[in-house]
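Engineer: Pasted the sequence and its predicted model underneath.
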Amino acid sequence: MRFPTSVEDHPVVQQAVHRLDELGDPRLGRTLVRCLDDTLARTIRPMPDGTAFVVTGDIPAMWLRDSSTQMMPYLALVREDTALQELLLAVLRRQFQQIAHNPYANAFNAEPTGQAHDPGDLCADPWVWEEKYEVDSLAFPLLLAHRFWAATGRTDHVPLALRTARTVIAVWRTEQDHERLSAYRFLRRDCPPSDTLQNAGRGTPVARTGMTWSGFRPSDDACRYGYNVPANLCAAAALDGVAELARHVDDTELAESAAQLAAELRAATMRQGTVHHPEFGLIYAYEVDGRGNALLMDDANMPGLLSLPLIANVPATDAVYLATRKFALSPANPTWHRGTAAEGVGSPHTPDDHIWPIAIAVQGLTSNDSTERVTALKTLLSTDAGTGQMHESFHKDDPRRFTRPWFSWANAMYAELALDIAGLGNRLLWSSDDRPASPADRL
């Protein structure tokens, strides 16, 4: 099977480039084309079974989360493009296979080669690159499945998506009572604390709250406290999509099951995952344990608190979100940095004083201020160290000091923001403020 390797001549891309050129810098449009084409030409591997394997960039494994976000910008282009539709369907089928094989793994090999981030981990499955259990790894393919339907009206993938959803719901139900019901363990020897779980691989103790437990964050770093707030809200949004797809095919039982769990996760997160901050008022914590502990920070990786309108059906005008946003974009957030080159959110996953292009893109996408949005796009361009590519992170004072020269997820986020600024992006697929009652009504 051959998939497209360039969208340079796609009418939507050409129109976006023209509109970006009107901002006065032709590099804005050229970088959009380069980021979109790089993902298609360099990260996609057609598989003999008709699926598509997607590397995240300079690591030869497929992450469920990263591969979903890498595909998201193309949703703006698929309406009249059958070839791109088939590519996204092939990626979804691969993700559904991977979740069915091991719903606790976050990254997979293309074949059962036994390649692994660390061959000393407890998981010896040759298909699994890494078995760091992350709630968002299960949420993102379901988000992509729903948004693909909303963008195209196609239902080819819906039976597999709903079968996958049943598996995901079962896992999230189990992990609502992690201490008593879960058999999941993760241990890694001779590594930093962020790369393994305490308590004999079970993670730090948690009380049952109604939220669902996660061993690791979207950064692949271990959770300090087992209930990651943005991941729980992202899971609820994924379940919203499942419920809508299930209703579309008259699967009342699954629709009710998904809607019920989504409601539980949201209610528990509001009850247990919010704190009163002396400066910002009621805000979301990043992690909690149900035992009175809360971690106040944000992380550049999605889902993060800043990205809630993008991935969690939280309106950008929501009062708690707006207060949390002010916190995340301030010195009160320990991962926020301001330097001579840029300011923005970083991550404990990368060196101190490093800002993530993903977070800059998210800040732009979730802003209602057109000046802030364009500034974010221009900042991404001015901090690429002249490479024409987005990096994982860069030093706040010197963008020539960066991590990961090839990081396709970051390229995808530049494309998302550029298309959105051009008025041709995916806002109707994710914005709770703008989205019609049923996205499929747009067809």
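Structural biologist: Cool, the structure landed. Residues are numbered from 1 along each chain as shown.
Engineer: Let me know the secondary structure of L429.
Structural biologist: Going by DSSP: H, G, I helix; E, B strand; the rest coil, the secondary structure assigned to L429 is helix.
Engineer: Not counting its neighbours along the chain, what's nearest it?
Structural biologist: Beyond its immediate neighbours in the sequence, the residue positioned closest to L429 (Cβ to Cβ, 6 or more residues apart in numbering) is R147, lying 4.6 Å away. In short, each C-beta sits where N, CA and C put it, glycine included.
Engineer: For that neighbour, give me its contacts.
Structural biologist: 72, 75, 241, 426, 429-430, 439 (Cβ atoms under 8 Å, 6 or more residues apart in numbering).
Engineer: Would you check that L64 makes contact with N106?
Structural biologist: Yes: using Cβ atoms under 8 Å, L64 is in contact with N106, at 6.2 Å.
Engineer: neighbour-wise, which of the two wins?
Structural biologist: Applying other Cβ atoms under 10 Å to L64 and N106 shows that N106 carries more neighbours, namely 27 against 24.
Engineer: starting at the chain centroid, how far to the helix or strand the residue nearest to L429 falls within?
Structural biologist: Element membership for R147, per DSSP states H and E: helix 135-152. Between the centre of helix 135-152 and the centre of its chain there are 10 Å (Cα atoms, centre = their mean, to the nearest Å).
Engineer: can you tell me the average pLDDT over it?
Structural biologist: Along helix 135-152, the predicted local confidence has a mean pLDDT of 98.
Engineer: before we move on, what about stretch 74-89?
Structural biologist: When the per-residue pLDDT values of stretch 74-89 are averaged, the result is 97.
Engineer: May I see the buried residues of it?
Structural biologist: Buried residues in stretch 74-89, counting neighbours by 16 or more other Cβ atoms under 10 Å, are found at 74-78, 81, 84-89.
Engineer: Give the next helix or strand downstream of the helix holding R147.
Structural biologist: Next helix or strand after helix 135-152 toward the C-terminus (DSSP H and E): helix 158-174.
Engineer: tell me, what's touching L64 and N106 both at once?
Structural biologist: S137.
Engineer: Any idea how many residues pack against Y414?
Structural biologist: Going by other Cβ under 10 Å, the residues that sit close to Y414 add up to 28.
Engineer: for it, phi and psi?
Structural biologist: Y414 has phi and psi values of phi -60, psi -50 when expressed as degrees, to the nearest 10.
Engineer: Name the SS class of R401, please.
Structural biologist: Note that with three-state DSSP, the state of R401 is strand.
Engineer: Apart from its chain neighbours, what residue comes closest to P141?
Structural biologist: If you skip the residues right next to it in sequence, P141 has Q95 as its closest partner in space, 4.1 Å away by Cβ to Cβ, 6+ apart.
Engineer: now S257: how far from I169?
Structural biologist: Distance from S257 to I169, counting by Cβ to Cβ, to the nearest Å: 6 Å.
Engineer: now swap in P119 and tell me
Structural biologist: When Cβ to Cβ is applied, the distance between P119 and I169 equals 32 Å.
Engineer: Please apply the same query to G241.
Structural biologist: For G241, the distance to I169 equals 13 Å [Cβ to Cβ].
Engineer: between these two, who's got more neighbours?
Structural biologist: G241 (24 against 21).
Engineer: quick one: the more buried one and P141 touch, right?
Structural biologist: No: no contact is recorded between G241 and P141 when judged using Cβ under 8 Å, the distance being 10.6 Å.
Engineer: quick one: low-confidence ranges for this structure?
Structural biologist: For the chain, the stretches with pLDDT under 70 are 1, 432-443.
Engineer: mind redoing it with 80?
Structural biologist: Of all residues in the chain, those with pLDDT under 80 make up the ranges 1, 120, 431-443.
Engineer: which residue is nearest the centroid of it?
Structural biologist: Nearest to the centroid of the C-alpha atoms of the chain, with distances taken as Cα atoms, centre = their mean, sits M302, at 4.2 Å.
Engineer: which residues touch T387?
Structural biologist: Contact partners of T387, counting by Cβ under 8 Å, 6+ apart, are P405.
Engineer: what about it, which SS state?
Structural biologist: On the three-state scheme (three-state DSSP), T387 is labelled coil.
Engineer: Distance from the chain centre to stretch 303-322, please.
Structural biologist: 13 Å.
Engineer: Residues contacting it, please?
Structural biologist: Defining contact as Cβ under 8 Å, 6+ apart, one finds that stretch 303-322 is touched by 136, 139-140, 143, 218, 229-231, 233-234, 236-237, 240, 274, 282-284, 286, 298, 302, 324-325, 328-329, 345, 359, 362-363, 365-368, 430-433.
Engineer: part of a strand, is F394?
Structural biologist: Yes: judged by three-state DSSP, F394 forms part of a strand.
Engineer: Please tell me how far the spatially closest residue to it that is not a sequence neighbour sits from C35.
Structural biologist: Distances taken as Cβ to Cβ, 6+ apart put F402 closest to F394, at 4.2 Å, once the chain neighbours are dropped. Remark: distance between F402 and C35 (Cβ to Cβ) = 16 Å.
Engineer: Run through the residues that contact F148.
Structural biologist: Shown in contact with F148 (Cβ under 8 Å, 6+ apart): 75, 78, 85, 88-89, 92, 154, 157.
Engineer: other SSEs contacting the helix or strand harbouring A268?
Structural biologist: Under the criterion of DSSP H and E, A268 resides in helix 252-272. Applying 3 or more Cβ pairs under 8 Å, 6 or more residues apart in numbering; DSSP states H and E, one finds that helix 252-272 contacts helix 158-174, helix 229-248.
Engineer: List the buried residues for the first one?
Structural biologist: Of the residues in helix 158-174, those scored as buried under the neighbour-count criterion (16+ other Cβ under 10 Å) are 158, 160-162, 164-165, 168-169, 171-172, 174.
Engineer: With the longest one instead?
Structural biologist: For helix 229-248, the buried set under the neighbour-count rule, 16+ other Cβ under 10 Å, comprises 229-247.
Engineer: Now tabulate the buried residues of stretch 74-89 in JSON lines and tack on distance to D9.
Structural biologist: Output for those, formatted as JSON lines (distance: Cβ to Cβ, whole Å):
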{"residue": "Y74", "distance to D9": "15"}
{"residue": "L75", "distance to D9": "19"}
{"residue": "A76", "distance to D9": "15"}
{"residue": "L77", "distance to D9": "11"}
{"residue": "V78", "distance to D9": "15"}
{"residue": "D81", "distance to D9": "11"}
{"residue": "L84", "distance to D9": "13"}
{"residue": "Q85", "distance to D9": "17"}
{"residue": "E86", "distance to D9": "18"}
{"residue": "L87", "distance to D9": "16"}
{"residue": "L88", "distance to D9": "19"}
{"residue": "L89", "distance to D9": "22"}
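Engineer: among those residues, which are in helices?
Structural biologist: Judged by DSSP state H, helices contain the following of the buried residues of stretch 74-89: 84-89.
Engineer: mind putting those in JSON lines, distance to S68 included?
Structural biologist: Compiled in JSON lines, those are given as follows (distance: Cβ to Cβ, whole Å):
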{"residue": "L84", "distance to S68": "15"}
{"residue": "Q85", "distance to S68": "16"}
{"residue": "E86", "distance to S68": "17"}
{"residue": "L87", "distance to S68": "13"}
{"residue": "L88", "distance to S68": "10"}
{"residue": "L89", "distance to S68": "13"}
